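Colleague: Pasting the sequence and the predicted model now:
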Amino acid sequence: MANREALRELQSRLASRLQAARTEGVQAAWLAVEAAGRKYLFPLTQSGEIFPYAATQPVPYTQAWFLGVANLRGGLYGVVDLASYVGGQAPAQRSDASRAEARLVALNALLEVNCALLIDRLAGLRNLDAFVASSEPPAGSPDYFGSGYTDANGAYWQELNLQALAQQPQFLSISA
């Protein structure tokens, strides 16, 4: 129960900081998340609301990475397993403990795609000052990969352009 309260408090603080960043000017540029051991940066201007992991209603004859649809605050969203989509493999089975940390990050409504990305863990907000180096995306990367950034601990963070992702024909073609 204490873990659940701590997670709610973290989510509440993140939501407050996201709102403050949007209203006070762009101090934090990215929402940092983790999926299948990889670290990603979502631009705040392209990210939407963050939801606790919710059960999805499966949709038959869809890609393995498309987990189904979920009712999030009265809106119907397609749910995509980010790690499975980026990695091109079947979604991993999640334990109850990992589901407790998992979140759904909706795409910003301005992108006009009712979609939420399933991630394993929120890692907070980041701005450019959090990184010591940047690089071009790795050769052969998808079009939606932005720059890569290395933090002071040597961890590599890959920026994902959610607008470019939402326009990818493969991303929009969920049928198997």
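Modeller: Everything's here; your move. Numbering: from 1, shown residues only.
Colleague: going forward, measure contacts between C-alpha atoms and count neighbours the same way
Modeller: Will do.
Colleague: and Ser98, that's in a strand?
Modeller: No - counting by DSSP: H, G, I helix; E, B strand; the rest coil, Ser98 is not part of a strand but helix.
Colleague: hang on, isn't it packed against Asp120?
Modeller: Yes - look at Ser98 against Asp120 with Cα atoms under 8 Å: they come within range, at 7.0 Å.
Colleague: Now do the contacts for the residue lying closest to Asn127 once chain neighbours are set aside.
Modeller: Nearest residue to Asn127, sequence neighbours excluded (Cα to Cα, 6 or more residues apart in numbering): Ala28, at 4.4 Å. The contact partners of Ala28, by Cα atoms under 8 Å, 6 or more residues apart in numbering, come to 21, 44, 125-128.
Colleague: rewinding a little: okay, Ser98 and Asp120: which has more neighbours?
Modeller: Asp120 (24 against 13; other Cα atoms under 10 Å).
Colleague: Just the pLDDT at that one, thanks.
Modeller: Asp120 carries a pLDDT value of 95.
Colleague: Show the subsequent helix or strand relative to the worst-scoring helix or strand of the chain on mean pLDDT.
Modeller: Scoring the helices and strands of the chain by mean pLDDT, DSSP states H and E places helix 2-23 at the bottom, with a mean of 64. Next helix or strand after helix 2-23 toward the C-terminus (DSSP states H and E): strand 30-35.
Colleague: Give me the contact list for that following strand.
Modeller: By Cα under 8 Å, 6+ apart, strand 30-35 touches 39-44, 47, 82-83, 119-127.
Colleague: Buried ones in the one helix or strand Ala83 maps to, by neighbour count?
Modeller: In this structure, Ala83 sits in helix 82-87 according to DSSP H and E. Within helix 82-87, the residues scored as buried using 16 or more other Cα atoms under 10 Å are 82-85.
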